[in-house]
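Asks: Got a sequence here, can you model it:
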Amino acid sequence: MGFPGTWMTESESMVYRVVPKCACSTIGQIMFRSDHGRFYDGDIHDATEGLHKWAQEHSQPVISANVAARRSYAFTCVRNPYARVLSSFFDKICGIQRNGRRYRGNLVPLLIQKYGIEVGGEEGTEEFDQIRSFRRFLLFVRDTVRWRRPMEPDIHWSSMSGHVSTFIVNGGRYDRIFWTERFSEGMQSVLDQVQTPHPVDLATMPRFNESEGHGPRRAHPVEDYFDDLSMHLVYEIYKRDFELFRYDVDNPANKMPLAEIDLDEVHAKLGD
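Replies: Residues are numbered from 1 along each chain as shown. Next comes the predicted model:
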């Protein structure tokens with residue numbers, strides 16, 4: 001199986017397991033800049049040079065050898081499950097993607113037909129009941145995660161622990177897992193542990209939010225989208241994420257973690 005979703009600097013200063021919707025664009029650009037002294041011109045997900053990625057065949061033996069020997073500092077980044085699944089809805093379901101089309105072609109028409117959701121019209125610009133549509137989207141997410149129908153769960157709303165675990169079960173070990181909610185602190189702790197060809201100043205660099213502007217703006221606070229039923233669904237879907245990464249399942253308004261992540265516990269529980 002190898003190390004899907006794993007990126008590594010060409011200098012092999014650091015190894016990163018991508019978790020979608022968790023600052024991955026910004027982290028990829030930081031890695032690129034730390035090697036080349038400049039940011040990648042475009043969406044870092046499109047880069048085919050300047051960064052080792054498992055999806056590139058020529059990178060696979062290099063990443064495998066590095067991770068097996070644990071030569072580099074390995075890390076990943078996670079996010080509050082409430083905010084993450086809500087972001088997935090607005091970006092991937094309501095938004096027009098950077099290729100000018102809807103995400104995954106017939107996915108949105110399927111959701112409109114089978115789950116009765118609205119997405120703001122053809123261009124994603126019309127008014128619609130965001131809360132009602134999001135709660136119906138959650139039913140779809142639950143169906144994909146629990147029963148794998150009407151499709152396999154998408155990487156943008158499948159559990160973070162599922163992404164994080166593939167690195168562990170194939171022989172990797174994380175040196176650090178930090179939260180997007182404390183991004184600067186967490187990313188700085190990684191940079192403090194590695195030697196890079198070029199320095200990176202987190203305080204002055206831009207944030208790369210490639211999903212911003214794809215779809216309608218969120219009209220309400222995060223907590224307004226979650227009633228008792230949808231909170232129950234989110235916990236059913238992301239129970240392990242809440243527990244391992246220490247997020248508050250009882251209060252969607254609290255985006256901050258409640259305690260430190262126990263790396264030993266993460267490796268023990270996700271390494272089966």
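Asks: CA atoms for contacts and neighbours, from now on please.
Replies: OK.
Asks: Is residue 154 in a helix, a strand, or coil?
Replies: coil (DSSP: H, G, I helix; E, B strand; the rest coil).
Asks: count of neighbours near the closest residue in space to residue 149 that isn't next to it in sequence?
Replies: Distances taken as C-alpha to C-alpha, 6 or more residues apart in numbering place residue 143 nearest to residue 149, at 5.7 Å, with adjacent residues excluded. The local packing of residue 143 (other C-alpha atoms under 10 Å) involves 17 other residues.
Asks: I'd guessed residue 143 sits against residue 154; true?
Replies: No: Residue 143 lies out of contact with residue 154 (C-alpha atoms under 8 Å); the separation is 11.6 Å.
Asks: Next, count neighbours for residue 236.
Replies: That count, for residue 236 with other C-alpha under 10 Å as the rule, works out to 13.
Asks: pretty sure it is in a helix, no?
Replies: Yes: according to three-state DSSP, residue 236 belongs to a helix.
Asks: ok, it to residue 31 distance?
Replies: 34 Å (C-alpha to C-alpha, to the nearest Å).
Asks: So which residues of this structure form strands?
Replies: 6-9, 14-17, 51-53, 73-78, 176-179 (DSSP state E).
Asks: quick one, which of the ones you listed is nearest to residue 228?
Replies: Ranking these by proximity to residue 228 (C-alpha to C-alpha) places strand 73-78 first, at 24.1 Å.
Asks: Within its sheet, name the partner strands of that closest one and how each one runs.
Replies: strand 14-17 (parallel), strand 176-179 (parallel) (DSSP bridges).
Asks: Could you identify which of those strands is most buried?
Replies: Most buried of these by mean neighbour count (mean count of other C-alpha atoms under 10 Å) is strand 14-17; its value is a mean of 25.
Asks: Report the contact partners of the closest residue to residue 209 other than its chain neighbours.
Replies: Leaving aside its sequence neighbours, residue 209 sits nearest to residue 25 (C-alpha to C-alpha, 6+ apart; 6.5 Å). By C-alpha atoms under 8 Å, 6 or more residues apart in numbering, the contact list for residue 25 reads 43-45, 208-210.
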